[in-house]
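Undergrad: Predicted coordinates and the sequence they were generated for:
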There are 2 protein chains.
Amino acid sequence: MTTRNKPIYFEQLHYQQRRIFNFIKRFMDRYSYGPTMREIMTGLDISSTSVVYYHVNRLVETGFLEKGHGISRGLRIPDHYFEPPASVSVPMLDEIITNFSERVPCYGRRHEIPTEWLRGRAADDVYALRVNTHLMYDAMVNDGDVVVLRRQSRLNDGEIGIIMLPAKKETRIRRLKYEGEWVCLEPLMSVMQPLRCRQDEIQIVGKVLGLMRQF
Amino acid sequence: MTTRNKPIYFEQLHYQQRRIFNFIKRFMDRYSYGPTMREIMTGLDISSTSVVYYHVNRLVETGFLEKGHGISRGLRIPDHYFEPPASVSVPMLDEIITNFSERVPCYGRRHEIPTEWLRGRAADDVYALRVNTHLMYDAMVNDGDVVVLRRQSRLNDGEIGIIMLPAKKETRIRRLKYEGEWVCLEPLMSVMQPLRCRQDEIQIVGKVLGLMRQF
DNA sequence: CTTTAAACAGAACTTTTGTTCTCTGTCTAA
DNA sequence: TTAGACAGAGAACAAAAGTTCTGTTTAAAG
């Protein structure tokens, strides 16, 4: 395997090689199978298959293409050329489950969220939750909104999460601030009152990643 | 073109044809190009390429496969076998543009929205708009939220849209109700006051499809 | 100006691969 | 029983397509 370090960016490739690469990509888009050397030749008005062969091998050397030796239409575009999916599907919960050590029921329905919301992390333990009125004014969350959360029992200082108050039988979306032995549940709307309580009085359900509302 | 009506569902296909179809699908998944008759033959321990050829043509006849005549590795799996994308990308606007007859500036940034929000319609004229505070309390929309809208100058009775009040130099997200010569802009939060005005006092920017908020 | 490597041209060659053909066995409906 | 549709075997053929070879041009470097 002889890999050169010279050209890294596509723009640094020579004119002919850029043309060939683009042709292959468009061809595969259209026909789902790759072009032959001859098809590239006629498609780009190149005079000989050997010229195509030459440049294709150059592209393979520089990692812009993959190719099975002796395989008809065996050109491939490496995986890293395809953008990762812009959205991921996460399971949808019908209600908040108190004890998260037990299995979370998934009713088969799923919800699509932007990959960006994961901030590079895996989608493990990420769920969508359709909230009902009792969460309403806490954080500009409306009845019927879908809240996306990562299930976790701890939050860093200043992070926003879904927090249960077992004594009051309430669930809130609040920003968590640690103050020594105490925690302060700050509302996201200034109209609401902050809530100060002992750490063992709250139960953290998860971290809120985002919210989606369909009108 | 001889198309039969007999087998419609994959499960109705004969054992051998199901095997071949699955083999092709797995092969393409793995190598990105299709298998040859011989590769299918050896891969499925079939005794002759002609047997493979026979069943492949049967699969083409019944619409489970597509195939270019005389094309090496020219097998294709029809589009309808692949699920439509779960999300679509729409251009992002930096601000509300008053006169929508002129070209909408697009800064290259885009936003991912669930396909479901389009309700089967095309993504034409759909834009994402990051709102700033002046829209805030109208509809539980917060500063920094991304509102997804379809650009249109008319709304049906009861639909929710982004509505400009040129005289007041205000923009609101409200539910529109027609009352004869008048229109009523109903708030989505009951705390707010409805607004009654003449039809020529408002300018409809678009219909609101949804809202996304990243924490 | 000479040298050298990259790029191009054209043709021929070899392998790969789709296609055809003939023959055989099996099952079903008439 | 028998014609006919269907599936399978095996071999051979022909087209498709990758590869190699030789030689020429071009452009940059020494």
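TA: Arrived safely.

Undergrad: how close does residue A:34 get to chain B?
TA: Taken as Cβ to the nearest Cβ, to the nearest Å, the spacing of residue A:34 relative to chain B amounts to 6 Å. To be clear about C-beta, it is placed using only N, CA and C from the backbone, and glycine gets the same treatment.

Undergrad: same check, this time on residue A:114
TA: From residue A:114 across to chain B, the span is 4 Å (Cβ to the nearest Cβ).

Undergrad: Equivalent analysis for residue A:181, please.
TA: Residue A:181 is 26 Å from chain B, by Cβ to the nearest Cβ.

Undergrad: Ok, residue A:149 next?
TA: Taking Cβ to the nearest Cβ as the measure, residue A:149 and chain B are separated by 10 Å.

Undergrad: What's opposite that residue in the beta bridge?
TA: Here residue A:149 sits in beta bridges with residue A:127, residue A:208, going by DSSP bridges.

Undergrad: Please verify my assumption that it contacts residue A:211.
TA: No. With contacts counted by Cβ atoms under 8 Å, residue A:149 stays clear of residue A:211, the gap being 9.8 Å.

Undergrad: does DNA strand D sit close to stretch A:34-54?
TA: Yes. With Cβ under 7 Å from any atom of the strand as the measure, stretch A:34-54 is seen reaching DNA strand D through A:34, A:36-39, A:49-50, A:53.

Undergrad: tell me which residues in that stretch are buried?
TA: By neighbour count with 16 or more other Cβ atoms under 10 Å in any protein chain shown, stretch A:34-54 contains the buried residues A:34-37, A:39-41, A:43-44, A:46, A:49, A:51-52.

Undergrad: Span of that stretch from start to end?
TA: The separation between the terminal residues of stretch A:34-54, taken as Cα to Cα, to the nearest Å, is 17 Å.

Undergrad: what sits up against that stretch?
TA: Contacts of stretch A:34-54 with the rest of the structure, by Cβ atoms under 8 Å, 6 or more residues apart in numbering or on different chains, involve A:16, A:19-20, A:23-24, A:27-28, A:56, A:72-76, B:33, B:72.

Undergrad: so which of those also contact DNA strand D?
TA: Filtering the contacts of stretch A:34-54 for neighbours of DNA strand D using Cβ under 7 Å from any atom of the strand leaves A:72-75, B:72.

Undergrad: Take those and keep only those in strands.
TA: Assignment to strands by DSSP state E places the following of those there: residue A:75.

Undergrad: out of the ones next to DNA strand D among the contacts of stretch A:34-54, which is most surrounded?
TA: residue A:75 (26 neighbours; other Cβ atoms under 10 Å in any protein chain shown).

Undergrad: Ignoring the adjacent residues along the chain, who's closest to that one?
TA: Spatially, and ignoring its direct neighbours in sequence, residue A:75 is nearest to residue A:34 (4.0 Å; Cβ to Cβ, 6 or more residues apart in numbering or on different chains).

Undergrad: where does the one you found fall, phi/psi-wise?
TA: Its backbone dihedrals place residue A:34 at phi -80, psi 160, with angles given as degrees, to the nearest 10.

Undergrad: Throw the buried residues of stretch A:34-54 into TSV and include distance to DNA strand C, secondary structure and pLDDT, thanks.
TA: Formatted as TSV, the buried residues of stretch A:34-54 follow (distance: Cβ to the nearest atom of the strand, whole Å; DSSP: H, G, I helix; E, B strand; the rest coil; pLDDT from 0 to 100):
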residue	distance to DNA strand C	secondary structure	pLDDT
A:34	11	coil	97
A:35	14	coil	97
A:36	10	coil	97
A:37	9	helix	96
A:39	14	helix	96
A:40	12	helix	96
A:41	9	helix	96
A:43	14	helix	95
A:44	10	coil	96
A:46	6	coil	95
A:49	5	helix	95
A:51	4	helix	96
A:52	9	helix	96
